[in-house]
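# Mind folding the following:
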Amino acid sequence: MLKNSALLTAALAAFHTVNINGFYLPGVAPRSFHKEDVVELKVNKLTSIHDEYPIEYYRLPFCQPDKGVSMVNENLGEFLSGDRIENSPYKIKMQKDMYCEQVCISHLGRVEARGVSPSKMVRAIKRNYHDNWIIDNLPSASKLEDEHDSYVKYSHGFPIGFVANAEDAEEGSKKPEDLRAYINNHVNIELEYHEVDGAVPGTKEYRIVRFIVEPFSIKHDFVATFTDDDDAENYLDEGNLDEGRKVAKINNPIASCDASVTATEKKHTTYQMAVHSPNGPQPASGKVLFTYDVKWTENENVSWASRWDIYLSMAETGVPNKVHWLSISNSLVIVFVLTSMIAAVLVRNLRRDYDRYSKLPTDEERNEDLEEFGWKLVHADVFRPPSHPMVLSVCCGTGMQLLCMSIMTVVFATMGFLSPARRGSLIMALLILYVLMGGVAGYVTSRMYKTFKGKSWQKATIMTAFGFPAITFAVFFVMDLLAISKQSSDAVPFTRMLILILLWFGISTPLVFMGAYFGFKQDAIEFPVNTSNIPRQIPDQPWFMGWAFTTAVGGVMPFGACFLELFFIMSSIWMDQYYYVFGFLFLTFVILLLTCAEITILFTYFQICGEDYRWWWRSFSTGGATALYVYGYSFHYFKQLESNSVATYILYFGYMALICFGLYLITGTVGLLSALWFNKKIFGSIKID
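Now for the predicted structure:
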């Protein structure tokens, strides 16, 4: 155990020399633009930390492209994560500044008033939904400004609007009936580029390295330049909306929207212009004119290869790397304490037991016929098959499948293959690796079941192939129905669901059967001692060796070793924050598994010393107890989401229960296999008469 801790410390020192930044692998080519090349702006789902169900962008009455909405090609991982990337009507050209360009006139719905049901746009603003735009695969950062300061936030996109007091409300009133929703109908699109040598000698090309959006709410006093007999939601003519074309004439405009100002005197929209606009902010109702500015700036310090660094650096969100090092240090302290405890208790006691069991008794001791005691007494029962051997075998097989999937995914992510720049890659990696590890599940299940002298190998294999996947698919299907009822972008189309079923039945299931075939062809696991035909009577056990107590205590230390990193992982899952410190995650995961193994071995030794040989299920539950603490922690974390809808409760606690069940199988399998290795070692080192 001390050797394992030393190796872990060496690995930690090695990781300390690695600067964990965003980088691009060979084969991911940067995109270069020439001056005045078209730069496409795409829109993604609308998200909110107060509502876990994202909304498709064009479900709200935003301006639509002239030629209709089209979805960008997406992989299965993007669909499963709820991404819906589509084109937009915003027209941008490389290095060409634009001033108060008009997009369209859109009708946002009924006027907000007391006793009137709010429109879709108003409801979305009050739930704090955010836009998520994309340019050249870079997500939009949000620039927020006030009278004194401004700052840029590189997560969650930018808000579609805000809530403030109505004009007729008392000043400073916070009553819900006095609050009104206002739409951010103007945006400053700030783009930074990096100059590089072009493919043709002597030419220059430009690469986008920053994408920042600063939203404003400006109530334009306008008159449409054409009439629309249908009074449609979006006021666009049938032709293309060319650059510089006006869909409305603005009366009393702010300085950046003044058409009488010459091109050389044009200024971009500023916070002061927006705040002191003649008509105030734009309510989220009625006909609204959408406008935008584009501002280009050269950035010589940021190259294309490092443009994701600021998104992936958790220091930008106020979480420096020292916090992760603190988490690792905390975990290492727990590992060292536990290892020292095992060294002090197990090594000393086992050495004493070995000496006592190996020593030849003297004639005097034979005459006294001293009764033996300790774990040697259960040598004829310690490897007796457990109750429900098929279920335990299937749990171990599935746990090993999930363990291999997790380790390989974290390793690939640590190497940089699963960068957030590749949207959906993490989910795709988890899905594909789980499917391919079906052979491991079949092999482990069959070896364990054959060792337990099971005969129904077909039933065991079928349970492995359909048990955990069926539970996962059932939960996923229920959540998908909820997403459909909420009209959320999380809803996965039926055609995409068929792909999941094909992966399950067409690849995973055959691999499980193939692994089971090779497993059953192997000999059963050999034990160093024989098992008697008649089970030994188990003496009464003290309360602290009961299942409930050992499970409760067994999960504390592994959970304590990983709970700090768990917070960041859950923030990534439920609050759409970037997580890319996979080096820390890999170390935390190794420490978690090592701690589970050590605590299970310790409790297994105490159990067999009490002449209780029913350790199979006990070791599995002791190792898996960490998952129970993780699920308990999820109740505490849920307070941060600030959501009270029933659908969000079902979504959050349903998926967290599924995740914790998978973690229970992983850590339980590690605990059982560790206890099996320990028992084989100690019983193989003594003489049995």
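# buried residues in the helix or strand harbouring Ala181?
Using DSSP states H and E, Ala181 maps to strand 179-183. Applying a neighbour-count criterion of 16 or more other Cβ atoms under 10 Å, one finds 180-183 buried in strand 179-183. Glycine gets a C-beta too; all of them are placed from N, C-alpha and C.
# Quick one: these as TSV, columns for pLDDT and distance to Ile342 too.
As requested, the buried residues of strand 179-183 are exported to TSV (pLDDT from 0 to 100; distance: Cβ to Cβ, whole Å):
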residue	pLDDT	distance to Ile342
Arg180	86	64
Ala181	91	60
Tyr182	93	62
Ile183	94	62
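# and which of the residues you listed is nearest Gly610?
Gly610 has its nearest neighbour among the buried residues of strand 179-183 in Ala181, at 65.7 Å by Cβ to Cβ.
# Rounded mean pLDDT for the helix or strand harbouring Asp293, please.
Taking DSSP H and E as the definition, one finds Asp293 inside strand 287-298. The pLDDT scores in strand 287-298 average 94.
# so after it, what's the next helix or strand?
Following the chain from strand 287-298 toward its C-terminal end, the next helix or strand by DSSP H and E is helix 309-312.
# any idea of the mean pLDDT for that next one?
According to the model, helix 309-312 has a mean pLDDT of 80.
# Now do the contacts for Phe683.
379, 382-383, 527-529 (Cβ atoms under 8 Å, 6 or more residues apart in numbering).
# circling back to that earlier point, and the strand holding Asp293, how far out from the chain's middle?
Its chain's average C-alpha position is 33 Å from that of strand 287-298, according to Cα atoms, centre = their mean, to the nearest Å.
# buried ones in that strand?
Of the residues in strand 287-298, those scored as buried under the neighbour-count criterion (16+ other Cβ under 10 Å) are 288-296.
# quick check, nearest of the residues you listed to Val200?
Nearest to Val200 among those: Trp296, at 22.3 Å, using Cβ to Cβ.
# how near is the closest one to Thr269?
Using Cβ to Cβ, to the nearest Å, one obtains 15 Å as the distance from Trp296 to Thr269.
# Kindly report the same for Ser406.
Separation of Ser406 from Thr269 (Cβ to Cβ) stands at 48 Å.
# again, but for Ile659
Ile659 is 45 Å from Thr269, by Cβ to Cβ.
# who has more neighbours, these two?
Between Ile659 and Thr269, counted using other Cβ atoms under 10 Å, the more crowded position is Thr269 (24 against 16).
# Relative to Cys100, which of the buried residues of strand 179-183 is nearest.
For the buried residues of strand 179-183, the closest approach to Cys100 (Cβ to Cβ) belongs to Ile183, at 16.5 Å.
# Correct me if wrong: the closest one contacts Ala284.
Yes: with contact taken as Cβ atoms under 8 Å, Ile183 and Ala284 are classed as touching, separated by 4.2 Å.
# Give me the phi and psi for Leu41.
The phi and psi values for Leu41, taken as degrees, to the nearest 10, are phi -100, psi 130.
# Nearest residue to it in space, ignoring adjacent ones along the chain?
With Cβ to Cβ, 6 or more residues apart in numbering as the criterion, Leu41 has its nearest non-adjacent residue at 4.4 Å, and that residue is Tyr90.
# Give me the number of neighbouring residues for the one you found.
When neighbours are counted by other Cβ under 10 Å, Tyr90 comes out with 22.
# Name the spans of this protein whose pLDDT lies under the cut-off.
For the chain, applying pLDDT under 70 flags the ranges 1-28, 166-178, 226-245, 314-324, 353-374, 687-689.
# Residue nearest the middle of it, spatially speaking?
Within the chain, one residue has its C-alpha closest to the average C-alpha position: by Cα atoms, centre = their mean, that is Ile573, at 3.5 Å.
# Tell me who's in contact with Val382.
375, 529, 608, 613, 615, 679, 683.
# what's the helix or strand where the third one lies packed up against?
Read it as Ile608. Ile608 belongs to helix 582-609 when assigned by DSSP H and E. Helices and strands touching helix 582-609, by 3 or more Cβ pairs under 8 Å, 6 or more residues apart in numbering; DSSP states H and E, are helix 2-16, helix 321-342, helix 389-414, helix 547-554, helix 556-574, helix 615-637, helix 646-683.
# a markdown table for those helices, including distance to Ala460?
Supplementary listing: those in a markdown table, determined by distance: least, Cβ to Cβ, whole Å:
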| stretch | distance to Ala460 |
| --- | --- |
| helix 2-16 | 33 |
| helix 321-342 | 34 |
| helix 389-414 | 5 |
| helix 547-554 | 25 |
| helix 556-574 | 29 |
| helix 615-637 | 16 |
| helix 646-683 | 16 |
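# can you tell me which of the ones you listed comes nearest to His34?
From those, taking Cβ to Cβ, the stretch that ends up closest is helix 389-414, at 35.2 Å.
# Check which helices and strands the closest one sits against.
In this structure, helix 389-414 packs against helix 425-436, helix 438-451, helix 457-485, helix 582-609, helix 615-637, helix 646-683, with contacts taken as 3+ Cβ pairs under 8 Å, 6+ apart.
# what's the most buried one of those helices?
Among these, ranked by average contacts under mean count of other Cβ atoms under 10 Å, first place goes to helix 438-451 (a mean of 26).
# CA atoms of that helix as PDB?
Output for helix 438-451, consisting of C-alpha atoms alone and laid out as PDB, is shown next (Å, rounded to 0.1, in the frame of the first residue of the first chain):
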ATOM      1  CA  GLY A 438     -19.300  -5.000 -23.800                       C
ATOM      2  CA  GLY A 439     -16.800  -7.800 -24.300                       C
ATOM      3  CA  VAL A 440     -15.200  -7.000 -21.000                       C
ATOM      4  CA  ALA A 441     -18.600  -7.100 -19.200                       C
ATOM      5  CA  GLY A 442     -19.300 -10.500 -20.700                       C
ATOM      6  CA  TYR A 443     -15.900 -11.900 -19.900                       C
ATOM      7  CA  VAL A 444     -15.900 -10.800 -16.200                       C
ATOM      8  CA  THR A 445     -19.500 -11.900 -15.700                       C
ATOM      9  CA  SER A 446     -18.800 -15.300 -17.100                       C
ATOM     10  CA  ARG A 447     -15.600 -15.800 -15.100                       C
ATOM     11  CA  MET A 448     -17.200 -14.800 -11.900                       C
ATOM     12  CA  TYR A 449     -20.400 -16.800 -12.500                       C
ATOM     13  CA  LYS A 450     -18.400 -19.900 -13.400                       C
ATOM     14  CA  THR A 451     -16.300 -19.500 -10.200                       C
END
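# Run through who's touching it.
Contact with helix 438-451 is made by 385, 389-390, 392-394, 396-398, 400-401, 404, 457, 460-461, 464-465, 507-520, 522, 524-525, as judged by Cβ under 8 Å, 6+ apart.
# Quick one: buried ones out of the residues you listed?
Restricting the contacts of helix 438-451 to buried positions leaves 389-390, 392-394, 396-398, 400-401, 404, 457, 460-461, 464-465, 508-509, 511-513, 515-516, 519-520, with burial counted as 16+ other Cβ under 10 Å.
# Just give me the closest of the contacts of Val382 to Phe412.
The nearest member of these to Phe412, counting by Cβ to Cβ, is Asn679 at 34.4 Å.
# isn't that closest one right next to Trp615, touching?
Yes: the pair Asn679 and Trp615 passes the contact test of Cβ under 8 Å, sitting 7.3 Å apart.
# Overlap in contacts, the two.
Looking at what touches both Asn679 and Trp615 (by Cβ under 8 Å, 6+ apart), the common residues are 382, 604, 608.
# Leaving out sequence neighbours, find the closest residue to Ala413.
Beyond its immediate neighbours in the sequence, the residue positioned closest to Ala413 (Cβ to Cβ, 6+ apart) is Phe582, lying 4.1 Å away.
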